[in-house]
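Participant: Mind folding the following:
(one chain, ligands or ions: 1)
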Amino acid sequence: MPFRSPRPDVEIPDLTLYDLLFTSLSPEDLEKVAVVDGASGAETTYGALRDQVDAIAGALAARGVGVGDVVALHSPNSPAFVAVFHGILRAGATATTVNALATGHEVAVQLEDSGAGTLLTVSPLLSAAAEGAAAAGIPSDRLIVLDGAEGHDSLADLLASGAPAPEVSVDPSTHLAVLPFSSGTTGRPKGVMLTHRNLVANVAQSADLVGVGPDDRVLAVLPFFHIYGMTVLLDLALLQRATLVTMPRFDLPEFLRIVQDQRCTFVFIAPPIAVALAKHPLVDEFDLSAVTAVFSGAAPLDGEVGGAVARRLGCSVRQGYGMTEMSPVSQLIPAGRDDLPLSSVGITVPNMECMLQDPATREEIPVPSTGVSEPGELCCKGPNVMIGYLNNEQATSLTIDEDGWLHTGDIATVSAEGVVSLIDRLKELIKYKGYQVAPAELEATLLAHPQIADAAVVGGRDEAGEEIPKAFVVLQEGAELTEQDVMDFVAGRVAPYKKVRQVVMIDAIPKSSSGKILRRNLRGA
Ligand code: 4UU
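Facilitator: As a prediction, this is how the structure comes out:
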């Protein structure tokens with residue numbers, strides 16, 4: 001028998017994201033601060049944010065953007081990101097968010113794959129954005145530089161256009177709201193088709209359990225372009241009428257200063273930040289007393305590290321699990337359940353059904369009546385599960401089986417009480433500091449080197465035990481390439497978080513008879 005959330009189902013409003021977030025603002029809400037720029041302290045109220053969203057939607061519509069169009073957003077976190085993201089959706093278009101660290105080539109690939117016809121970026125990222133736009137055939141008048149750059153429209157131009165927000169009518173259950181990119185269980189990054197209903201559902205499913213409320217000041221350092229920041233910060237925190245405090249990137253002293261000065265109460269992190277909070281001496285020099293909750297996700301949180309953060313900050317530390325393809329949250333430790341072990345990812349969110357499957361036999365693993373189950377691949381169903389990968393039926397059918405189960409590629413156990421713990425990753429995906437690294441992409445990069453005959457990339461561990469991309473390389477006859485040469489070659493071609501950080505030269509890559517890389521044999525080698 002599959003297992004469900006121990007919590008009752010919740011109602012999922014049949015609304016677009018804009019209607020969910022912005023049409024029911026009360027007079028008091030309008031005056032509340034929605035977003036604070038952490039660096040400058042500049043504030044935007046909910047009323048001002050809604051006006052900006054409407055103005056951006058109007059300006060985009062005046063430029064011909066509407067239902068069926070894809071607009072790319074390539075920016076670190078800022079108050080402008082919040083307005084532009086919702087402006088794109090309000091115009092009826094679909095937003096594809098691009099990692100701020102992407103190279104020009106990576107930007108081009110995402111623009112082409114998503115079919116984006118407009119790109120919004122910021123001046124520090126303009127060189128990669130312009131390179132990507134040119135390669136994808138996006139003309140410079142459709143490359144908008146939010147903070148302004150010679151020859152491009154800016155956010156100020158959009159806000160000043162005066163064009164009314166368009167009347168759009170879409171079906172929330174089929175209309176694509178966003179196209180984030182994820183490599184899923186195998187291969188290269190693919191556009192994940194998430195509808196308005198997917199996103200609205202996931203916010204409704206997780207809001208009570210996450211526990212962000214209207215009095216919270218929520219640190220938004222996790223990138224909005226990744227599904228974690230997108231759903232939990234941009235959507236959930238705004239629905240709760242909390243205040244988002246944005247930071248463009250993680251930097252420990254600035255992070256601590258902003259949490260202190262902005263009196264942040266709720267801090268969403270990925271595990272590397274937990275390590276800093278648990279161990280770094282600088283933490284003692286700041287007043288972090290406003291923090292009531294630290295919530296980690298996107299990669300495994302070490303239970304000991306999490307416990308150390310809870311003791312040091314005197315706050316609740318919890319964890320959530322999910323994936324882009326589930327909008328993303330499927331399990332989390334709910335507010336008020338600090339008794340659940342931090343080494344677990346907690347309980348299943350409402351309206352979801354899960355089961356564990358033996359990857360070898362495809363048999364379902366039973367949920368025990370006491371104790372903990374055998375491990376198996378976590379498979380999930382629910383209103384937050386993507387409708388598929390864009391233009392890739394093959395990858396879709398490999399991930400969502402004929403019975404509708406989304407195969408996460410993660411190995412988990414479940415207890416009799418419904419508490420899920422992640423044990424291992426079956427899929428080839430590597431997580432570096434919570435960012436996705438697709439081995440297939442790095443293998444293609446390595447194979448482009450004339451002196452490399454064959455290559456395989458798997459998750460290795462650095463001295464601190466953090467997961468890192470590790471390459472096994474077979475050199476061509478007579479090649480004189482060092483490990484460092486290989487790392488430098490890759491580093492010159494990919495975003496910094498995708499760098500290969502360990503190289504092992506070997507004679508041959510172990511492969512199955514069908515030619516698939518036997519990654520299991522390389523892991524731990
Ligand atoms: C061990 O990283 C994400 C989603 C993160 C998220 C979700 C719900 C954070 C908080 C939250 O409440 O998505 P992707 O698509 O980038 O990566 C998905 C993969 C998973 O399949 C799993 O392998 O990232 C890994 N992962 C985790 N692993 C995600 N969260 C966890 C976790 N522990 N808590």
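
Participant: Which residues does Leu332 form beta bridges with?
Facilitator: Gly320, Ile347 (DSSP bridges).

Participant: these two touch, right, it and Gly346?
Facilitator: Yes: under the criterion of Cβ atoms under 8 Å, Leu332 makes contact with Gly346 at 4.7 Å. For every residue, glycine as well, the C-beta is placed using N, CA and C.

Participant: intersection of neighbour lists for those two?
Facilitator: Listed contacts common to Leu332 and Gly346 are 318-321; contacts here mean Cβ atoms under 8 Å, 6 or more residues apart in numbering.

Participant: ok, which of those also contact the ligand?
Facilitator: 319-321 (Cβ under 6 Å from any ligand atom).

Participant: Go through these and give me the one with the most neighbours.
Facilitator: Tyr321 (28 neighbours; other Cβ atoms under 10 Å).

Participant: My read is that that one contacts Ser344, right?
Facilitator: No: if you go by Cβ under 8 Å, Tyr321 and Ser344 don't touch, sitting 9.1 Å apart.

Participant: list residues touching both of the two?
Facilitator: With Cβ under 8 Å, 6+ apart as the test, Tyr321 and Ser344 both reach Val420.

Participant: More neighbours: which of Leu332 and Gly346?
Facilitator: Remark: of Leu332 and Gly346, Leu332 carries more neighbours, 28 against 23, as counted by other Cβ under 10 Å.

Participant: Now do the helices in the stretch 1-150 of the chain.
Facilitator: Using DSSP state H, counting those that start in this stretch, the helices of the stretch 1-150 of the chain run over 17-22, 27-31, 46-62, 79-90, 104-114, 126-135.

Participant: Repeat that for the stretch 201-350 of the chain.
Facilitator: Under DSSP H, counting those that start in this stretch, the stretch 201-350 of the chain gives helices at 227-228, 238-239, 252-261, 271-279, 303-313.

Participant: Please work out which of the ones you listed is packed deepest.
Facilitator: Compared across the helices of the stretch 201-350 of the chain, helix 227-228 shows the largest average neighbour count, a mean of 25 (mean count of other Cβ atoms under 10 Å).

Participant: So which residues on this structure come close to the ligand?
Facilitator: 182, 227-228, 297-300, 319-324, 328-329, 332, 345, 408-410, 422, 425, 431, 436.

Participant: Dump the ones next to the ligand among the shared contacts of Leu332 and Gly346 into CSV; add pLDDT as well.
Facilitator: As requested, these are exported to CSV (pLDDT from 0 to 100):
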residue, pLDDT
Gln319, 98
Gly320, 98
Tyr321, 98
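
Participant: Tally up the residues packed near the closest residue to Asp261 other than its chain neighbours, please.
Facilitator: Of all residues not flanking Asp261 in the chain, Gly41 sits nearest, at 7.7 Å (Cβ to Cβ, 6 or more residues apart in numbering). Residues within reach of Gly41, counting by other Cβ under 10 Å, total 11.

Participant: and Gly41, backbone torsions?
Facilitator: Gly41 adopts backbone torsions of phi 80, psi 0, taken as degrees, to the nearest 10.

Participant: From Ile138, how far out is it?
Facilitator: 35 Å (Cβ to Cβ, to the nearest Å).

Participant: Please apply the same query to Gly162.
Facilitator: 25 Å.

Participant: neighbour count winner among the two?
Facilitator: When neighbours are counted by other Cβ under 10 Å, Gly162 and Ile138 differ, and Ile138 comes out ahead with 22 against 9.

Participant: Next one, pLDDT for the spatially closest residue to the more buried one that is not a sequence neighbour please.
Facilitator: Leaving aside its sequence neighbours, Ile138 sits nearest to Leu119 (Cβ to Cβ, 6+ apart; 5.6 Å). Here, the pLDDT recorded for Leu119 equals 98.

Participant: wait, what's in contact with the residue nearest to Gln502 when sequence neighbours are not counted?
Facilitator: Nearest residue to Gln502, sequence neighbours excluded (Cβ to Cβ, 6+ apart): Lys470, at 4.2 Å. Neighbouring residues of Lys470 by Cβ under 8 Å, 6+ apart: 457-460, 500-504.

Participant: Farthest-apart pair in those residues, please.
Facilitator: Spanning the widest gap among those are Gly459 and Val503, at 14.2 Å by Cβ to Cβ.

Participant: Which of the shared contacts of Leu332 and Gly346 sits closest to the ligand?
Facilitator: Set against the ligand, the nearest of these by Cβ to the nearest ligand atom is Gly320 (2.2 Å).

Participant: surely that closest one meets Pro334?
Facilitator: No: the pair Gly320 / Pro334 is not scored as a contact, 9.6 Å apart, by Cβ under 8 Å.

Participant: what touches both of the two?
Facilitator: With Cβ under 8 Å, 6+ apart as the test, Gly320 and Pro334 both reach 210, 346.

Participant: distance between the host helix or strand of the residue nearest to Gln502 and the chain's centre?
Facilitator: Here Lys470 is covered by strand 467-475, with elements defined by DSSP states H and E. Centroid separation for strand 467-475 versus its chain: 25 Å, with Cα atoms, centre = their mean, to the nearest Å.
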